[in-house]
Every structure is written in C-alpha cells, then in structure tokens.
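# quick one: sequence and predicted model below, then my questions.
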Amino acid sequence: MRLLLFIVLCLLLCGCTASTGDISIYSVAPDKKLIPPLVAAKELYSADGMIYKTDEAHALSGDDTFSIYLTDTYLRYLPDIGGDNEVLIVAEFEEVVTGTSSDTITKILGPYDSIADATKAPFFHKALYGPKRMESDLLSIKLKIYEYDLDENDKAGSIIDFIATAGEALSLSNPVTAQEIKVAKEVAKSVTGTNDNDLVLQLDLDFVAGNSLYKHTGNKNVNVLPLKAGEIVLIKKEVCAIGRCYDYFSKEEGIRNPVGYATDILLSPITAMTIGLTDTPAGSSLSDVEPQTLEVRSKGLVHKSKSDESPEKVNYFTDKTWLRLSILKGGDPSLWEKRKLLSPIEAAINELLKSSTGIKSDNLTAPIASLNKAKKQLVEMKQGGIKLVSNNSSNNTQYILQGETSGVICLDIPTRFKLTHALPLLDGSPQQELPSYNKYKCYKVMPSVKAQPFKKGTLYFQINYTVNDVLKSHIATVKVVDEL
C-alpha cells in the first residue's frame, strides 16, 4: 500500500512539473524561410526596414515609428491534470527614457479558457505595443505564457476571474492611462507570483534600434538583434525531467554510468505511468529544431512542401510550441503621445489621494496646474496643424505647371510649432526660404536636377518642427500637372 501511495505521489509530482524548455528564435526571410535573427551591426544604420531611434532626420518619415503584434501561437503542451485550461499571456516592454517606472508597459491578453493541448490560442494578430516612436536605444521585451487549471489552484482561479471581469474596464490588454498601466503591472505581479509550475513559455530579449552612431569600424564583426520590420518566430524545444524521460540519468553515458542506469530502471514504472497518464512531451517535441524544414505562411508555421506535393498543400508544424511576432514599421503615434503627456501627472495625483497626510490645497496646486497645462496641450494637439496657403493649393496639395523651373509654397504655421534649423525638403533636396512680409512662411521649390523643368508626376515637400519638445514633420503633396 505504501509503495502504491509513493508511486501515485511521484506520478502527481512528475505530471505537474513543467519546464520552459529551450527557446529558438528566428527571423522570417522574404522567401518565408526561417533564418538566424542576428545581423551584422552595419545594418543598424543601412538596412531597409530598420526602425531608428527618433531624431530630426527620421521624425514622421515612418523610420522611427513602429508597433508589435502577437500574430498567433500554437500550444503543444499545457501542464495540467484534467479540468479546463486557462491561458494567460503577459508581455512587458521597456524603453529607458525617463528612468522611472513609466518606461515599462505591461500588457495582459486573456484569459482564454477551455484550451486543449496541441491547438492554436484563440486570437489572431493582437496588438502588444505601439504604434509609437522609438525613444530609446534598446527595446526590452519579457514575454510569458501561463496555463492555469482552475480545479487545481483556487488562488489562480480567483485571479483569472478578476482579470476576466475587470479586464475590459481596466484596459489590461491596452493600458493607456497611468492608473491602467499601474493596475496591469500589479495584476501581472499577482499572476507571475502564483504558480511558476504553470509557466508554458518565457522569453527575455533586447532589440537594438537603428542609429548612425553605431557606424564604427570596430563593429564590423559584431552581430546584434535589430529592431526591424518583419516577423519573428519562437519555437520551444521541450526538455527532459525526472519521471518524464526513461534515460534522464543515463542519457549521456548509458551503461557506463551504472548508478544513473540503475536509477532510470528503478524509476521506469513511474515514468511509464507519467507518460501514459499525463501531458508528457513526446519524442518529436524533445528533438532539435530543424529550421531548414520549415517556412512561414499567412496561416502559420508549416513544413515545407515536398517535391511531389502540391505547393498549395498545407502541412502545419505541430511538433512543438511556437509563437509568431510581427514588427510593423510606421503608423500614427498620436495616442501614445497623449498617454505620455498625462501619465506622470495622473500618477502624481494618485499618490496624493493615497497620502497619509490627506489632501491639502497646497499639495494639489502643482499637480492640478500641470494637469490643466496637459489638457491644454491635448486640445492643441486636436487643433489644425500646418496648412498650405499658397496659390494653386488645396487639401494639403500644391499644384505646379509642367515645364516650370520653380514654384512657391507658402505655409500657415501655428505659433506653438517651432521650426528646426534644417531647410525643408522636396523629394530629399533642400529648398530655399523666401523673404516674407506677412505671418506666412514661403519657400522657393525647384526640381532636384538644377536648370531642368518640373516633369509631370507627384513629389513630396517635408518641413520639420517641434511641439511640446516632440520632433515632428509636416509632409505636403506637390503635383506637377498639365494645366491648373
């Protein structure tokens, strides 16, 4: 009887044991093949699709703005013993800008209930981060996927119920205000501290933003993980644990390790029961990842088609847990800028509300003044920006006759916008400012090839400015037409 109880206890312990395994990271090449994610450091200032740290040269050209999406994920094993599986995804992003807690954003996706082993999680292309400007040199990402069995863990169940009930109201999947960010962080701490045995996958990495300051000869032999538009695929290789592999102690030496060999033999009945009755990784999940046999399609990670198979046949990769991230370049970062504007002020007011000394008029004067200033700035952000006021212009488009050797663009620029010292550009060529006798700014625009007339087509005029210490650009369309 004691032996039976011992075996049952070992079975339960082995069945509940989970490991995060080995995570392999790959980039997706243009031909959809999996390739190593590290690139030569020279790509940080020369590669197409690179996302640069924001500065005047890259402001609103799309080069400094990005967003990250969790496209899809396949969950091969969820460590449970019966009951309904609940899956929760916690993502933490950090850019060191202010040196405070506001540099870290925590996102919570889920809970997704009734999830079975060997199935895709019930979401597709979920936004995790952005669109926003890249304000730091590095972007740190910590990603964790948790599985909870409500029948096994009452504490976990209560947390899951809370997240499911309050998640929408608190914007846990898309925290915007300081309070929502703080609540998301606290909930994430509760989740991560509940039961680490339910951790299905974890990842911690740093992306390096593009920057011309990396242009040094000493970097020619350095490889980095770039923050670059494209897709990233993570594949988890399961690892052995006691009671889950027959040769755990003797795998390396075999019979030449008699103690380990004997121990594996003694544990073989428990290992057999564990493999037969619980979610134990099979041989295909324990084997090494072979990226040369895989490719990425719109539907997910698949095996490459064999020569005698139709290219349209889809053979999904189901041997291991995998996850796909998409990094998108460009977008509108305005909402993120609004959040940053209000975040520190709202946090200060929240601290005042919790102060043991109570709320006093003297304590409220400064944060309320700051809040009113921020609200005024938000109103200004909603107001119109730079407008074209020159002749032959309409809807942010300037019209110029084909054959002309020059033209004039005049702009109505709000006083809150501070122009930078850089000259405006027409298709990359600097343009000359004209003397102005009114409140408008006027510029003489000329073709990129001097002494040559304008040819029919579409050009783009860009002028850089700052507002609230944030670098921006205004881009107007210039159309060369046959007649006005």
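Yes, it's here. Residues are numbered from 1 along each chain as shown.

# okay, CA-based contacts and neighbour counts for the rest of this
Noted.

# need the helices for this protein, in chain order.
In the chain, the helices defined using DSSP state H lie at 2-16, 154-170, 178-192, 258-277, 283-286, 334-353, 361-382.

# tell me the predicted confidence for P122.
We have a pLDDT of 82 for P122.

# poorly predicted segments of the stretch 201-350 of the chain, please.
Residue ranges of the stretch 201-350 of the chain with pLDDT under 70: 252-257, 259-261, 274-280, 307-311, 337-350.

# give me the domain ranges for this protein.
With automatic domain parsing as the criterion, the domains of the chain are listed as 2-238+286-329, 334-382, 387-481.

# mean pLDDT lowest where, among the ones you listed?
Minimum mean pLDDT among the domains of the chain: domain 334-382, a mean of 60.

# ok, Q402 - contacts?
453-456, 480-483 (Cα atoms under 8 Å, 6 or more residues apart in numbering).

# what subset of those residues is buried?
Neighbour-count burial (16 or more other Cα atoms under 10 Å) is assigned, among the contacts of Q402, to 453-455, 480-481.

# so I413 touches I386, yeah?
Yes - assessed by Cα atoms under 8 Å, I413 is found in contact with I386 at 4.9 Å.

# could you check which of these two is surrounded by more residues?
Using other Cα atoms under 10 Å as the criterion, I413 and I386 rank with I413 on top: 19 against 16.

# tell me who's in contact with that one.
385-387, 440-441.

# can you check G385 too?
G385 touches 413-414, counting by Cα under 8 Å, 6+ apart.

# same question, the one 3 residues further on
Contact criterion Cα under 8 Å, 6+ apart gives 394-398, 409-412 as the residues in contact with L388.

# and if you look at I475?
With contact set as Cα under 8 Å, 6+ apart, I475 has these partners: 460-463.

# and if you look at L78?
L78 sits in contact with 85, 116-117, 147, 200, 279, where contact means Cα under 8 Å, 6+ apart.

# which one of those has the most neighbours?
Counting neighbours by other Cα under 10 Å, E147 comes out on top of the contacts of L78 with 27 neighbours.

# residues contacting that one?
Neighbouring residues of E147 by Cα under 8 Å, 6+ apart: 78-79, 85-88, 198-200.

# follow-up on the earlier one: among the buried ones among the contacts of Q402, which lie within strands?
Of the buried ones among the contacts of Q402, the ones assigned to strands by DSSP state E are 480-481.

# now distance to V39 too, for the buried ones among the contacts of Q402, in CSV please.
Formatted as CSV, those follow (distance: Cα to Cα, whole Å):
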residue, distance to V39
P453, 43
F454, 41
K455, 40
V480, 41
V481, 44
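
# state the number of residues packed around G283.
Neighbour count for G283, taken as other Cα under 10 Å: 10.

# ignore the last one, L434
13.

# that one and Y440 touch, don't they?
No - with contact defined as Cα under 8 Å, L434 does not reach Y440; the gap is 10.4 Å.

# ok, back up a step: the contacts of I475, buried ones only, as a ChimeraX selection?
Only the buried entries of these go into this ChimeraX selection, using 16+ other Cα under 10 Å:
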select :461,462,463
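
# export the contacts of I475 to JSON lines and tack on distance to T65?
Formatted as JSON lines, these follow (distance: Cα to Cα, whole Å):
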{"residue": "Y460", "distance to T65": "19"}
{"residue": "F461", "distance to T65": "20"}
{"residue": "Q462", "distance to T65": "17"}
{"residue": "I463", "distance to T65": "18"}
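
# which ones among the contacts of I475 map onto strands?
460-463.

# so which residues of the stretch 351-484 of the chain form strands?
387-388, 393-394, 397-401, 407-412, 418-419, 425-426, 429-430, 432-433, 441-445, 457-467, 470-481 (DSSP state E, counting those that start in this stretch).

# same list (those) but as JSON lines, adding distance to I23.
Output for the strands of the stretch 351-484 of the chain, formatted as JSON lines (distance: least, Cα to Cα, whole Å):
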{"stretch": "strand 387-388", "distance to I23": "51"}
{"stretch": "strand 393-394", "distance to I23": "54"}
{"stretch": "strand 397-401", "distance to I23": "50"}
{"stretch": "strand 407-412", "distance to I23": "53"}
{"stretch": "strand 418-419", "distance to I23": "48"}
{"stretch": "strand 425-426", "distance to I23": "46"}
{"stretch": "strand 429-430", "distance to I23": "47"}
{"stretch": "strand 432-433", "distance to I23": "55"}
{"stretch": "strand 441-445", "distance to I23": "54"}
{"stretch": "strand 457-467", "distance to I23": "43"}
{"stretch": "strand 470-481", "distance to I23": "38"}
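
# out of those, deepest packed?
strand 397-401 (a mean of 22; mean count of other Cα atoms under 10 Å).

# what is it packed up against?
strand 470-481 (3 or more Cα pairs under 8 Å, 6 or more residues apart in numbering; DSSP states H and E).

# what angle separates the strand it packs on from strand 457-467?
Interaxial angle of strand 470-481 relative to strand 457-467 (axes from the mean of the first three to the mean of the last three Cα atoms, to 10 degrees): 160 degrees.

# then strand 470-481 to PDB, C-alphas only?
The C-alpha coordinates for strand 470-481 follow below in PDB (Å, rounded to 0.1, in the frame of the first residue of the first chain):
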ATOM      1  CA  VAL A 470       8.500  66.400 -29.600                       C
ATOM      2  CA  LEU A 471      10.000  66.400 -33.000                       C
ATOM      3  CA  LYS A 472       7.500  66.100 -35.900                       C
ATOM      4  CA  SER A 473       7.300  66.700 -39.700                       C
ATOM      5  CA  HIS A 474       4.600  68.000 -42.000                       C
ATOM      6  CA  ILE A 475       4.600  66.400 -45.400                       C
ATOM      7  CA  ALA A 476       2.600  68.100 -48.300                       C
ATOM      8  CA  THR A 477       2.000  66.700 -51.700                       C
ATOM      9  CA  VAL A 478       3.300  68.500 -54.800                       C
ATOM     10  CA  LYS A 479       1.600  67.600 -58.000                       C
ATOM     11  CA  VAL A 480       3.100  68.600 -61.400                       C
ATOM     12  CA  VAL A 481       0.100  68.900 -63.900                       C
END
